[in-house]
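Undergrad: got a structure for you, letters missing:
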């Protein structure tokens, strides 16, 4: 009888270990899927910035990419660009908030000058705006476009 009890205990421990292993596998799979979704969104943001003629050689490219990504994940932050987005982006890239602002403005201005908001622009709102958007307008419009893809 004692032998059966030992076997039963052993089976219970093995079942417990299997359940823990299954849980870890599911967790790992979920993380991989989340990582893939994040990478996919990042690639969509890059693609849109390219189409708008904002290229990676501008420092503002990476700042805009990060700001748009933050806004896609949490749209409410667009209401506090200078209090939420700029500090987060500046901290991420170890730079100052004025540098983030200036880099974004330079990249957006370049796209405006080079016709990035013209007929080839994938975002109708930017085409119809009729003027160069502010940093926060640009981030909001592109984030809204990406979220809708």
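TA: On my side now, so go ahead. What you are looking at is a predicted structure, and each value in this text was computed from that prediction instead of being measured.
Undergrad: following the longest helix seen in the chain, which helix or strand shows up next?
TA: Counting residues, the longest helix in the chain under DSSP state H turns out to be helix 2-51. Counting by DSSP states H and E, the element after helix 2-51 in chain order, helix or strand, is helix 59-73.
Undergrad: list the buried ones in that next one?
TA: Buried residues in helix 59-73, counted by 16 or more other CB atoms under 10 Å: 59-72. For every residue, glycine as well, the C-beta is placed using N, CA and C.
Undergrad: between those residues, which is nearest residue 17?
TA: residue 69 (38.8 Å; CB to CB).
Undergrad: how far away is that closest one from residue 119?
TA: In this view, residue 69 and residue 119 are 27 Å apart by CB to CB, to the nearest Å.
Undergrad: Then residue 28?
TA: For residue 28 relative to residue 119 (CB to CB), the value is 46 Å.
Undergrad: Residue 15 now?
TA: Relative to residue 119, residue 15 is positioned 64 Å away (CB to CB).
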